[in-house]
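**Student:** Sharing a model prediction with you, sequence too.
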Amino acid sequence: MPERPVRHWGGWVAAVAFVLGVLWALNRPAPTTTSASEPPVTSVPTAKPPSAGLGKTAPSPSSPPSPPPQAAVQTPEPATGIPPLLLPVQGVSPRDLRDTFADTRDANQRGHEAIDIMAPRGTPVFAVDDGRIVKLFSSKPGGITVYQFDPTGNFAYYYAHLDAYAEGLAEGQTVKRGSVIGFVGYTGNANPAAPHLHFAIFKLGPEKQWWKGEPINPFEYLGGKKP
Ligand SMILES: [Zn+2]
């Protein structure tokens, strides 16, 4: 009896060892059969059958062409290259401006194509931009006028109905933005009861003739805001 537990333990340990051994043997990874060669890949003829795709339209070319990019996009301001300009009449703020570019003159015979900036006679008139005084000209409609080219030579700035030129102003002179070039008046065909500066911008042609160009509305370049 006293040895019975020993024998019992001994048999139990042996049984556990046997079971563990069996489990270990079962869990062993099976030896890989590397020698078993894969079945040879049957060589497929690489040349595509010429009939492939015939009679079928490929899906991508049949999709409708995308619309041309930015075909009808309206930019709020024309990309002219004109920078924001200085308001050329002393004491006038952008809020005071009225867009009179599309007005007509001479009983609808011609477009205004400029902006009228109302101010008392004698109010100083500034150059809206750096540039060069190209022509000092007196005409029946415009009265005493100044033609200034911008620094690039692509645009002309036109100031009309002046009461007088600034002292010393001369053709060929270089001016800076803000230089006084003249004074508000009503020379030419302006109403003496309503002196104002008539200001216009022209995009010059390749000949760079001061009297010839395509009119551009100055309103927004002077800071005017459309309602
Ligand atoms: Zn005008």
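**Tutor:** On my side now, so go ahead.

**Student:** going forward, measure contacts and count neighbours with C-alpha atoms only.
**Tutor:** OK.

**Student:** Where does Gly224 sit: helix, strand or coil?
**Tutor:** Secondary structure assignment for Gly224 (DSSP: H, G, I helix; E, B strand; the rest coil): coil.

**Student:** Next, count neighbours for it.
**Tutor:** Neighbourhood size, Gly224 [other Cα atoms under 10 Å]: 17.

**Student:** While we're on the closest residue to it other than its chain neighbours, how confident is the model there?
**Tutor:** Once flanking residues are discounted, Gly224 sits nearest to Pro94: 5.2 Å by Cα to Cα, 6 or more residues apart in numbering. You'll see Pro94 listed with a pLDDT of 94.

**Student:** Was I right to think Pro94 contacts Leu85?
**Tutor:** No - taking contacts as Cα atoms under 8 Å, Pro94 lies outside contact range of Leu85: 10.9 Å.

**Student:** Mutual contacts of these two, please.
**Tutor:** Residues within reach of Pro94 and of Leu85 at once, by Cα atoms under 8 Å, 6 or more residues apart in numbering, are 222-223.

**Student:** quick one: which of these two has more around it?
**Tutor:** Leu85 (18 against 15).

**Student:** how about that one, what does it touch?
**Tutor:** Residues near Leu85 by Cα under 8 Å, 6+ apart: 128-129, 221-223.

**Student:** residue boundaries of the helices in this protein?
**Tutor:** 4-27, 59-62 (DSSP state H).

**Student:** coming back round to it: quick check: the gap between the residue nearest to Gly224 and the ion.
**Tutor:** Distance, Pro94 to the ion, by Cα to the ion, to the nearest Å: 17 Å.

**Student:** list the contacts for that residue?
**Tutor:** With Cα under 8 Å, 6+ apart, Pro94 has these contacts: 87, 222-225.

**Student:** And the furthest pair within those residues?
**Tutor:** For those, with distances taken as Cα to Cα, the pair at the greatest spread is Leu87 and Lys225 (13.3 Å).

**Student:** Which residue of those two possesses the greater neighbour count?
**Tutor:** Per other Cα under 10 Å, whichever of Leu87 and Lys225 has more neighbours is Leu87, with 24 against 13.
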